[in-house]
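>>> generate coordinates for the sequence data below:
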Amino acid sequence: MRGRLGNFDKKPSKNTNFLIVTPNPEIVVRAQHDQVLAKILNSANLSLPDGIGLAAAQKFLSLPAPKNKIAKVPVLLIEGLVVGFAVLFNDKWLTEDLNILKGRETFLDLMKLANMKEWRVFLLGGEGDEVSKTEKNLQKSLKGVKISSHQGPMLDEKGNPQTKEDILVEKEVIKKINTFNPHLLFVAFGAPKQEKWLNKWRDSLKIGGAMVVGGTFNYMAQKTALPPKWMEKLGLEWLWRLITEPKRAKRIIKAFPIFPLKVFWDRLAH
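This next block holds a predicted model:
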């Protein structure tokens, strides 16, 4: 746990109010056209690269290439193929410069730390009963941490409540969070809703710090099975999510192939 979290073992104070984001290729593509999201990601206290595609992009961008446009095209194509094969067969080479930190694994690391320190943790978001089941499942093994949770309001893409009822739910949630005064707040509304919601309310929340966790509660509530280890090893978690959650197809396409194509064309242009 310490290997991934470093020296993050001090008690977060109410004056800390740090923000941890977990950009992946899909979120990076979205941020290219969403200046608000891009600003939030760039101003976060800690940004955890979540997705082997980011390590592949970093490696591809670091490789040498001629300045001559004509000679550059075949070189970049070859380098792209090399990096692509490395995703499947040599991920250690890819992660030499950029270590990938999965959001759900960091979430569990922080929960274990919170348990050891007997901190208060608030879980917010998820679909249906995901958050309540996540709380229940975590509390079975983590007896020291104090957990509170709430599904929260339904939000639009700007992170605002969708209905008048949701506005009331939002007020209730903020009051509940501040009364609980958690050391850690985990928000799972999905990108970019979770980032924008936190950006709007962060200064008003009595918390030690917050982290966006996307679909983590879905896994923690055991609504969706974790990908097989061999698929994780090969960087094929995106394929697993496509198989298990076909409704995410449009979002997954942004991670592959749109993200690598954008990286390729950007490097070719510069």
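
>>> give the buried residues for stretch 105-112.
106-112 (16 or more other CB atoms under 10 Å). Every residue, glycine included, has its C-beta placed from N, CA and C.

>>> do stretch 255-270 as well
Buried residues in stretch 255-270, defined by neighbour count with 16+ other CB under 10 Å: 255-256, 259-260, 262-264, 267.

>>> identify the farthest-apart pair in those.
Pairwise distances across the buried residues of stretch 255-270 peak at 18.2 Å for Ala255 and Arg267 (criterion: CB to CB).

>>> okay, Phe180 and Gly125: tell me how far apart.
Using CB to CB, to the nearest Å, we find Phe180 at a distance of 15 Å from Gly125.

>>> same deal with Gln194?
According to CB to CB, Gln194 stands 7 Å off from Gly125.

>>> test my guess that Ser204 contacts Val173.
No. Counting by CB atoms under 8 Å, Ser204 stays clear of Val173, with 11.5 Å between them.

>>> among the two, which residue is more densely surrounded?
Shown here are Ser204 and Val173; by other CB atoms under 10 Å, Val173 has more neighbours (20 against 10).

>>> name the element that one belongs to?
Per DSSP states H and E, Val173 falls inside helix 164-180.

>>> any buried residues in that helix, and which?
Going by neighbour count (16+ other CB under 10 Å), the buried part of helix 164-180 is 166, 169-170, 173, 177, 180.

>>> and what of stretch 61-81?
65, 76, 79-80.

>>> isn't Thr106 right up against Met211?
Yes. Distance between Thr106 and Met211: 7.4 Å, which falls inside the contact criterion (CB under 8 Å).

>>> what is in contact with these two at once?
Both Thr106 and Met211 are in contact with 20, 22, where contact means CB atoms under 8 Å, 6 or more residues apart in numbering.
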